[in-house]
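Undergrad: got a sequence here, can you build the structure:
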Amino acid sequence: MAKPDSGKEEKERRRGKISLLYANCAYILAKMAGVWGLKNTTSSMISGQFLAHIKFAAMADGLQIAGKMFVHVVIGEESYDQKRHPVMENGKKTIKLVHKKGHRNVKIADFVAVSELIKQHQITGRVPRSVDLTDYFDVTIMVFADYIEKGEVKAQISFYALAELLKLTKTFIMEDLQKRLEETEDALHYLASWSFVEMARLPDFQCIPYHQFVMLLASCELQVSHELVVADAALLWLVGQPHPAVYAPGVFAVIRSAFLSKADRQLIIERIATLQMPESRVASSWRRVTSLQVGRFARVSMDSRHNARVCLEGTHISRHLCRCGTPDPEKRPKETTLPLSRPREGIKWSEKTRNQTMRSRPEKVKDAEKRMEGLVEQARVPGAEARKDTKAILTHLGERSAIKSPRRMTRADDAGRSMLEAKSQGGQSHYLGY
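TA: Alright, predicted model coming up:
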């Protein structure tokens, strides 16, 4: 026979299971609330005694579904979340933006408001403690952090900082800032196009980033008298780059060679041969190799069909843009000296080097004698006659062995010593030179 209170025990057992289910689901929701950053979430929600008196009858099915969906996210990542817990500053969670000269802390709430990437990390509980931005300039990071904190910022930025900010906005998915920067970029390109020649004469012209410079050269809005001016500015920019041969193909690919005659192209090739490339300061062979590479890229690009294409857009032709429409040989300028890329610093450097290397023979011999005197003293050769004989030997051998070969100078000392010994003995020296 069944006990009379078996029905009550069964009800209590079911009630205990339901309470346990409620407790588990509420615990999951509490963890979810912590992940989502919801406010007014207290630790008392996790208490089993408190949960036993909460009515979840209407939400039981939904809680079970929520428990099945999120249990692997919350429980599986509990220790992981504790390791990646963001830094606390003044009681508020922050993310550290690390740059070259230090770091900058920004609030997670401010970062989430402007970045979709950080918002997604907050939902999944993977908010990073710090972000390594050491590859960017400090000015770029300061502007970036100010925008995160204030929502907008007014600052003077260069082409390079603008390019870095655009890269950061695409990385962190900041659509609002990206839109504003693109508008700023368009405005800067418009101003640079209308004052292209004046900008090319500025000392910071060669600091424009590569992709910004290529976009500028590819624009139809450039206000120039002839395409030769564009090629002249391109050569000026290439001279200021550490590796001109790397950037030459992309730069010459946007030169519209349909507006250049054969004489113009030959003038450009000849100017490239006279320019002092950065590698020329290492060795003369490097200068020849770099000049040949850049000249080859320029010739191939200007002779290609791709560069021979022209813009035939109606609005551009009606505005009489000089880089659009069919080429007119009569518009070729009479002055073809390429004034922008005329070597300036390169000539000064070559003259200085020539003054140092092309010295007269007596000067080299004099310097060799001074060095020889020190070596003779180190060799402890006694007497003033030894120094005179050593100088005579150096003059006979030439300045090359005296300047570039210390071992030969030491052997010359031995020759002077042997000559002195032969004189003292009344015989002749049979020392063979080399």
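Undergrad: Arg104: what's it in contact with?
TA: Applying Cβ atoms under 8 Å, 6 or more residues apart in numbering, we find Arg104 in contact with Lys96, Leu97, Ile141, Met142, Ala145. All C-beta spots, glycine's among them, are computed from the backbone N, C-alpha and C.
Undergrad: distance to Leu117 and pLDDT added to those, as JSON lines?
TA: Listed next are the contacts of Arg104 as JSON lines, based on distance: Cβ to Cβ, whole Å; pLDDT from 0 to 100:
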{"residue": "Lys96", "distance to Leu117": "16", "pLDDT": "92"}
{"residue": "Leu97", "distance to Leu117": "14", "pLDDT": "93"}
{"residue": "Ile141", "distance to Leu117": "17", "pLDDT": "91"}
{"residue": "Met142", "distance to Leu117": "20", "pLDDT": "90"}
{"residue": "Ala145", "distance to Leu117": "16", "pLDDT": "91"}
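Undergrad: which pair of those spans the longest distance?
TA: For the contacts of Arg104, the maximum inter-member distance is 14.5 Å, found between Lys96 and Met142 (Cβ to Cβ).
Undergrad: so where do the strands sit in the protein?
TA: Here the chain has its strands, by DSSP state E, at 87-89, 92-99, 102-107, 130-132.
Undergrad: switch these over to a markdown table; also include distance to Arg305.
TA: As requested, the strands of the chain are arranged in a markdown table below (distance: least, Cβ to Cβ, whole Å):
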| stretch | distance to Arg305 |
| --- | --- |
| strand 87-89 | 58 |
| strand 92-99 | 46 |
| strand 102-107 | 51 |
| strand 130-132 | 45 |
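Undergrad: who wins for proximity to Leu216 among those strands?
TA: Nearest to Leu216, of all the strands of the chain, is strand 92-99, at 28.1 Å by Cβ to Cβ.
Undergrad: and the angle from the closest one to strand 102-107?
TA: Strand 92-99 and strand 102-107 are oriented at 150 degrees to each other (axes from the mean of the first three to the mean of the last three Cα atoms, to 10 degrees).
Undergrad: list the buried residues in strand 92-99.
TA: By neighbour count with 16 or more other Cβ atoms under 10 Å, strand 92-99 contains the buried residues Lys93, Thr94, Ile95, Lys96, Leu97, His99.
Undergrad: same check, this time on stretch 233-249
TA: Within stretch 233-249, the residues that qualify as buried are Ala233, Ala234, Leu235, Leu236, Trp237, Leu238, Val239, Gln241, Pro244, Ala245, Tyr247, Ala248, counting by 16+ other Cβ under 10 Å.
Undergrad: my guess is the first one meets Ala192, correct?
TA: No. Under the criterion of Cβ atoms under 8 Å, Ala233 lies out of contact with Ala192, with a separation of 11.0 Å.
Undergrad: could you pull out the helices for the stretch 201-350 of the chain?
TA: Secondary structure of the stretch 201-350 of the chain (DSSP state H, counting those that start in this stretch): helices at 210-217, 227-239, 244-252, 262-274, 284-303, 314-318, 345-357.
Undergrad: would you single out the least confident of those?
TA: Note on those: lowest mean pLDDT is at helix 345-357, with a mean of 40.
Undergrad: if you average pLDDT per helix and strand, which one of the protein comes out bottom?
TA: Every helix and strand of the chain was ranked by mean pLDDT, DSSP states H and E. The lowest is helix 60-74, at a mean of 32.
Undergrad: care to break the protein down by domain?
TA: For the chain, automatic domain parsing gives the domain ranges 11-76, 87-175, 189-344, 361-425.
Undergrad: hey, least reliable of those domains by pLDDT?
TA: When those are compared on mean pLDDT, domain 11-76 scores lowest, with a mean of 39.
Undergrad: quick revisit: out of the strands of the chain, which is closest to Val214?
TA: strand 92-99 (27.5 Å).
Undergrad: what's the neighbour count on Leu168?
TA: Residues within reach of Leu168, counting by other Cβ atoms under 10 Å, total 21.
Undergrad: same check, this time on Glu270
TA: By the criterion of other Cβ under 10 Å, Glu270 has 11 neighbours.
Undergrad: list the contacts of His316.
TA: Contacts for His316 (Cβ under 8 Å, 6+ apart) come out as Cys220, Cys324, Gly325.
Undergrad: for PyMOL, write a command that selects the buried ones of those residues.
TA: Filtering the contacts of His316 down to the buried ones (16+ other Cβ under 10 Å) takes a single PyMOL command:
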select buried, resi 324+325
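Undergrad: dump the contacts of His316 into TSV; add distance to Asn307 as well.
TA: What follows is the contacts of His316, written out as TSV (distance: Cβ to Cβ, whole Å):
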residue	distance to Asn307
Cys220	15
Cys324	15
Gly325	16
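Undergrad: out of the contacts of His316, which comes closest to Ile173?
TA: Cys220 (31.8 Å).
Undergrad: right, and the closest one touches His320 too?
TA: No. Using Cβ under 8 Å, Cys220 is not in contact with His320, being 11.5 Å away.
Undergrad: look up how far Ala109 lies from Leu166.
TA: Applying Cβ to Cβ, to the nearest Å, the value for Leu166 to Ala109 is 25 Å.
Undergrad: between these two, which is the more surrounded one?
TA: The residue with more neighbours, out of Leu166 and Ala109, is Leu166; 18 against 13, by other Cβ under 10 Å.
Undergrad: which residues does Lys101 contact?
TA: Asp138.
Undergrad: let's see 10 Å
TA: When contacts are counted by Cβ atoms under 10 Å, 6 or more residues apart in numbering, Lys101 touches Thr134, Asp138, Ile141.
Undergrad: out of the residues you listed, grab the one that's most surrounded.
TA: Busiest of the contacts of Lys101 [other Cβ under 10 Å] is Ile141, holding 25 neighbours.
Undergrad: how far away is the nearest residue to it once chain neighbours are set aside from Asp132?
TA: Distance criterion Cβ to Cβ, 6 or more residues apart in numbering; nearest residue to Ile141, sequence neighbours excluded, is His99 at 4.3 Å. Here the criterion is Cβ to Cβ. By it, His99 lies 9 Å from Asp132.
Undergrad: now swap in Val294 and tell me
TA: For Val294, the distance to Asp132 equals 36 Å [Cβ to Cβ].
Undergrad: the more surrounded of these two?
TA: Of the pair Val294 and Asp132, Val294 is the one with more neighbours under other Cβ under 10 Å, namely 26 against 12.
Undergrad: my guess is the more buried one contacts Val300. True?
TA: No. With contacts counted by Cβ atoms under 10 Å, Val294 stays clear of Val300, the gap being 11.1 Å.
Undergrad: which neighbours do those two have in common?
TA: Shared contacts of Val294 and Val300 (Cβ under 10 Å, 6+ apart): Pro249, Phe252.
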